[in-house]
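Colleague: Output the structure for:
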Amino acid sequence: MFRRKKKDPPEVLVSFVHDYRVFGRSSPEFYAYSPHEKVAEISDGESTIYVYCDGEMRYEMADGEIRDVTPEDLMAAGLTADVHIDKAHQQGLFMNNPWFDLYGQMYGQDEMVWFDRISEDLDGAVEEAKSMLAEKVAQ
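Modeller: Numbering: from 1, shown residues only. From the prediction side, this is the model:
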């Protein structure tokens, strides 16, 4: 009896537009340069899933002013790592905050689709995308 050799899964490539994880920054607040910012692409050669940072940030500054902020504004205010972002959330200083969303073109589809998969950290979003490609999830 002959057994067919199991086909190896396709190699999954991850590329980042922005990657600050080495600095302890995987929270979406560090990637929110616009309300819809592409952060990463995950591809198996047949399909590509994109990680976007979506949403706006409003933050209560030290002087009590609530304003729209950028990642640079947060870092200038001393929020330079995920632990600082977590503490600011616990203190209720964010009025609006961003998140990571997954979009993609799956297995021959021409148009981009939203997968309704949300993550609060970049590593989680990338792992979710890899899992979707491995499972060949399509919408």
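Colleague: what's the burial count for the spatially closest residue to S43 that is not a sequence neighbour?
Modeller: Excluding its sequence neighbours, the residue lying closest to S43 (CB to CB, 6 or more residues apart in numbering) is L13, at 5.3 Å. Every residue, glycine included, has its C-beta placed from N, CA and C. Per other CB atoms under 10 Å, the neighbour tally for L13 reads 11.
Colleague: Next, the contact list for L13, please.
Modeller: 41-45 (CB atoms under 8 Å, 6 or more residues apart in numbering).
Colleague: quick one: which of those is most hemmed in?
Modeller: Neighbour count (other CB under 10 Å) singles out I42 as the most crowded of the contacts of L13, with 25 neighbours.
Colleague: Leaving aside the residues adjacent along the chain, what's closest to it?
Modeller: Residue nearest to I42 in three dimensions, not counting chain neighbours: A129, with 4.0 Å by CB to CB, 6+ apart.
Colleague: now the one you found: how far from D123?
Modeller: According to CB to CB, to the nearest Å, A129 stands 11 Å off from D123.
Colleague: These two: which is more packed in?
Modeller: Neighbour count, other CB under 10 Å: between A129 and D123, A129 has more, with 30 against 11.
Colleague: Residues touching the helix or strand hosting that one, excluding its own?
Modeller: Element membership for A129, per DSSP states H and E: helix 122-135. When contacts are defined by CB under 8 Å, 6+ apart, helix 122-135 is touched by residues 9, 12, 14, 19, 21, 26-28, 31, 39-40, 42-44, 47, 49, 51, 100, 102, 104, 115, 117, 119.
Colleague: Sitting in strands, which of those do you find?
Modeller: Among the contacts of helix 122-135, the residues falling in strands (DSSP state E) are 14, 39-40, 42-43, 49, 51, 100, 102, 104, 115, 117, 119.
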